[in-house]
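Undergrad: Here's a sequence, model it:
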Amino acid sequence: MSKKGEPTYDKLKKTLSDQEIAQSYVLRGTMTEEEKQAAEAEFKKLRLEKLKSMSDEQVLQGELVRMKLLIRDYLQQNTFLPAFSFASQLKQYIDLLKVPHGQFAQDIAIHKTKLSRLIHAKEAPNVDFMYRLEIHSGAMIPASFWYRLYAKQIEEEIKTNQEKRALASEKVKNELKFKPTIEG
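TA: Predicted coordinates:
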């Protein structure tokens, strides 16, 4: 038995076939600390060799998949993080492409000034722009992800921007007033 009270492979092999063991158990490794370090070093070496042999297109595709998964995970959370604002993710996307902003603006048929304003969160993106991002990414990052990033950002602004709320309140006349009710 191992430290956790689980049988080792050697003990199981006495009573079960390899196939039965494979179907029934997840075994802990029986490597020494030295063997673990050697295996980890070998794995790192193989991983680096694989990375070096990848084409630029494969590297970009991997980075886009990574970006998509990070966005997907972020969208499942209930908190807003500035690093995942629409503008931040747009900048990150363009940086992954390793193309100048002017070239990217041409690729998606918008003026470079508009792109700059979007990257710096000075202008709101429209749905057409989000479709273009989806198409440009080879559908790797869907337009709905871009939309939800921006929607989450707007939601955060609505929740936290008391100054704009106060300004809006000054413009409202005949506000409806209700007696407090007990909700239950």
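
Undergrad: tell me the average confidence for the helix or strand where residue 153 lies?
TA: Using DSSP states H and E, residue 153 falls within helix 143-160. Mean pLDDT, helix 143-160: 96.

Undergrad: buried set for it?
TA: 143, 145-150, 152-153 (16 or more other CB atoms under 10 Å). No exception for glycine: its C-beta is placed from N, CA and C like everyone else's.

Undergrad: Closest one to residue 11 out of those residues, please.
TA: Nearest to residue 11 among the buried residues of helix 143-160 is residue 145, at 49.5 Å by CB to CB.

Undergrad: What's the per-residue pLDDT of the residue nearest to the spatial centre of the chain here?
TA: What sits nearest the mean C-alpha location of the chain, by CA atoms, centre = their mean, is residue 70, with 1.3 Å. Residue 70 is assigned 97 on the pLDDT scale.

Undergrad: so where's the protein shaky on pLDDT?
TA: 1-5, 25-29, 184 (pLDDT under 70).

Undergrad: how about a cut-off of 50?
TA: Applying pLDDT under 50 to the chain flags the ranges 1-2.

Undergrad: circling back: gap between the residue nearest to the centre of the chain and residue 175?
TA: 42 Å (CB to CB, to the nearest Å).

Undergrad: Residue 75 now?
TA: In terms of CB to CB, residue 75 sits 35 Å off from residue 175.

Undergrad: who has more neighbours, these two?
TA: residue 75 (14 against 6; other CB atoms under 10 Å).

Undergrad: Not counting residues beside it along the chain, what's closest to that one?
TA: Spatial nearest neighbour of residue 75, chain neighbours left out: residue 148 (5.2 Å); criterion: CB to CB, 6 or more residues apart in numbering.

Undergrad: I'd guessed the one you found sits against residue 77; true?
TA: No. Assessed by CB atoms under 8 Å, residue 148 is found out of contact with residue 77, at 11.5 Å.
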